[in-house]
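1. below are the sequence and a predicted model for it; my questions follow.
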Amino acid sequence: MFVYDAKRFVLTNRAIFETAPLQLYCSALVFSPQTSRIRRQFWDQIPPWIKNIPKVQKDWSSILQSLDGHSSMVRTVAFTPDGKLLASASCYGTTRLWDLSTGASRGILEGHSYNVAAAFSPDTLLLATGYDDGTVKLWETSTGASRGTFEGHDSFVWAVAFSQDGQLLASASCDGTIRLWGMLTRAAHGTPSCHRHVSALVFSPDGQLLASASNDGTVKLWDPSTGAACGILQGDFSDVIVVAFSPVSQLLACSSQNKVRLWDPSTGASHNIRTNDDNFDCVNALAFSLDGLLLASASLDNRIKLWDPSTGAARGTLDGHSDSILAMAFSPDGQLLASASGDKTVRIWDLPKVVSSDSVDGETYVSAVAFSPDGQLFASASVDGIVRLWDPLTGASRGNPESCCSDTTAIAFSPDGQLLAYISDAEFGIVGLLDLSTGASHDIFENNKSHTSAIAFSPDGPLLACTSDSTVRLWDLSTRAACGTLEGHSDRILAMAFSPDGQLLASASYDNTVRLWDIKTKKTIEKLDTKTPIKELSFLSNCSYLSTCQGILELKRLTNCESRLQSYSPLFPLRVSGNWVKVGEENILWLPPTYRPRSLSVRDNILAMGLGSGEVVFVEFDPATIPLGESIVPDSQQGV
């Protein structure tokens, strides 16, 4: 057990050990599971400035490794046939090779354009990658040296695949063609013109068929030896995104929208695993395990679901990515599943652990969080509409869950802490109130069917501000009537906050600006430019500064507003930026992948984070003892 625990400890934290080794005593010990022997043995080494240790999971999760390093979304992953290496390709033309036994990088292959496809040859010697300029490149796996380029497509190469004997390489493009390349001659073997747009292709296990998928709603079958068409599979599909053959049979899986269908190409018979389920979001990746006993599907809800393809029964759920999952691959021994995501990471999942005990099917991620005005209560809301109340100092539950509406994206306490305003269905702007004493909830208005992403009460209570695309709308809660708008942003507003005296409101937008508004005149009194959009902000107690996810912003218009009990007035500028908890501009605590928030809030020296797993964790810091400027993190890592 100690050896296993040590292996998991190292694999989980390898990236941070190499760049900021002192985080071994901070992040690694704090976020290791309760049963970790290393955590227990070195518990007294956790620094005292982490005042309240967050409640962590009991055992190691199913995420064996998280591979960080790409600077853009990762579009594809592929294992070598021997299972020792993994290739991951990102949109910026970079392909990375990883040693799976250690998690170490084994090399970077630099393409010259957008990279969307990758596949290893059966003998592991070559890696093929496809690009947006229509080319397919070959690389030597052991050295990373270029071994040639295939040219012929007129547009994006969306998929590449080697035949089982390694004699052919197939490439599919959105120019509507599939090209077959002879690996001995390096010449085009055939060029079937088959679809409007070819999104995926795969060889059958015996190499006798090549299946291609298209946005024309069909799956076509080809004889790879001749390039001749030999069948077509059609259903009630508008487009087919991905296809996968079972390695042990001729069973073919394909996906379209929220549907997964299994076909027998020899008979044309088919059946659906699951359809017309609102929670089963658009499926954009499929993969069979090597024994054919599991089918993995990934969708835009950032989750992977595992199925028994013979019965359609659910076998587990993998939750951990913070953005859409774009590709998956099983390891040759069937013990691992690799997933690539728009969150710029690759996750390696321990499948036996998932299937046996680690499924979290039915849970939903925390989509919104908020502190009460006095800081004694904390609320979290998940996308299924469940609201939970917590004691932020102890992390203990403070009452039974209440339900508002599904797809809750933002919440805010009233000044007296009795009401919770919520945004449900951000695209249509439904705003409601939840009475925390009775549990009753009701919609109070529909915000002109416009995107509503932020909501806030004025400190004295009569006003409720909510965003409406690029506009802030003000409502009088006593009459439930609109009482003004704040207009000036040129793009959607992401965050806003009232000043402690209620006279000012700050708003941040995708237009890379923060605006300061006078509530009485409804006019902008200050505009601040930012490098990137700000997603969280609040006033410091004297109204001269804003605390944001990018640091402190100084307001040129100084005011004399007094701090009230209801005001949010941090003792020090605590925030989360990227994978780090920061104080000011200094990184103090690295957040491992499992603990990177989907939503967060800061109150004084307490950081509260809503996770993709549906959990809420609290970390309390002691501002007086944090050794700022004393190499918690090397200088090279500050601001990373």
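-> That came through, no problem.
2. ok, and what's touching the longest helix seen in the chain?
-> Ordering each helix of the chain by length in residues (DSSP state H) puts helix 2-19 first. Residues from elsewhere that reach helix 2-19, judged by C-beta atoms under 8 Å, 6 or more residues apart in numbering: 23-24, 27-28, 32, 36-38, 60, 63-66, 68, 102-104, 590, 592, 634, 636-637, 640. From N, CA and C alone the C-beta is placed, and that goes for glycine too.
3. one more time with 6 Å
-> 23, 28, 36-38, 60, 65, 68, 103, 590, 637 (C-beta atoms under 6 Å, 6 or more residues apart in numbering).
4. go through those residues and flag which are in strands.
-> Using DSSP state E, 65, 590 are the members of these that sit in strands.
5. okay, the contacts of helix 2-19 in CSV with neighbour count and distance to Asn512 next?
-> Output for those, formatted as CSV (neighbours: other C-beta atoms under 10 Å; distance: C-beta to C-beta, whole Å):
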residue, neighbour count, distance to Asn512
Gln23, 24, 31
Ala28, 24, 35
Ser36, 23, 42
Arg37, 14, 48
Ile38, 17, 43
Trp60, 22, 40
Gln65, 25, 35
Asp68, 17, 26
Gly103, 21, 36
Trp590, 24, 27
Gln637, 15, 26
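6. closest one of the contacts of helix 2-19 to Ala298?
-> Gln65 (17.6 Å; C-beta to C-beta).
7. which strand residues sit across from that closest one in the sheet?
-> Per DSSP bridges, the residues bridged to Gln65 are Ile348.
8. pretty sure it contacts Trp349?
-> No - using C-beta atoms under 6 Å, Gln65 is not in contact with Trp349; the gap is 9.0 Å.
9. please enumerate the strands of the stretch 351-500 of the chain.
-> Ranges of strands in the stretch 351-500 of the chain, per DSSP state E, counting those that start in this stretch, are 366-371, 378-382, 386-390, 402-403, 408-413, 419-424, 430-435, 441-446, 455-457, 463-468, 471-476, 481-487, 493-498.
10. where's Thr80 relative to Val10, distance?
-> 22 Å (C-beta to C-beta, to the nearest Å).
11. ok, these two, which is more surrounded?
-> Neighbour totals were compared for Thr80 and Val10, and Thr80 leads with 21 against 15 (other C-beta atoms under 10 Å).
12. contacts only, for the more buried one.
-> Thr80 is in contact with 120, 124, counting by C-beta under 6 Å, 6+ apart.
13. circling back to that earlier point, make CSV out of the strands of the stretch 351-500 of the chain and add distance to Val617 and mean pLDDT.
-> Formatted as CSV, the strands of the stretch 351-500 of the chain follow (distance: least, C-beta to C-beta, whole Å; pLDDT from 0 to 100):
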stretch, distance to Val617, mean pLDDT
strand 366-371, 10, 90
strand 378-382, 10, 90
strand 386-390, 10, 89
strand 402-403, 21, 70
strand 408-413, 18, 88
strand 419-424, 21, 87
strand 430-435, 23, 84
strand 441-446, 26, 70
strand 455-457, 24, 93
strand 463-468, 27, 90
strand 471-476, 31, 92
strand 481-487, 34, 91
strand 493-498, 22, 93
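14. what segments of this structure are helices?
-> Applying DSSP H to the chain gives helices spanning 2-19, 27-31, 37-41, 351-353.
15. could I get the buried residue list for the last one?
-> Going back to what we said before, that points to helix 351-353. Neighbour counts over helix 351-353 (16 or more other C-beta atoms under 10 Å) mark 351, 353 as buried.
16. can you list contacts of it?
-> So helix 351-353 is contacted by 62, 335, 337 (C-beta under 6 Å, 6+ apart).
17. and which of the residues you listed is nearest to Val383?
-> Distances from Val383 to the contacts of helix 351-353, taken by C-beta to C-beta, are shortest for Ser62, at 21.2 Å.
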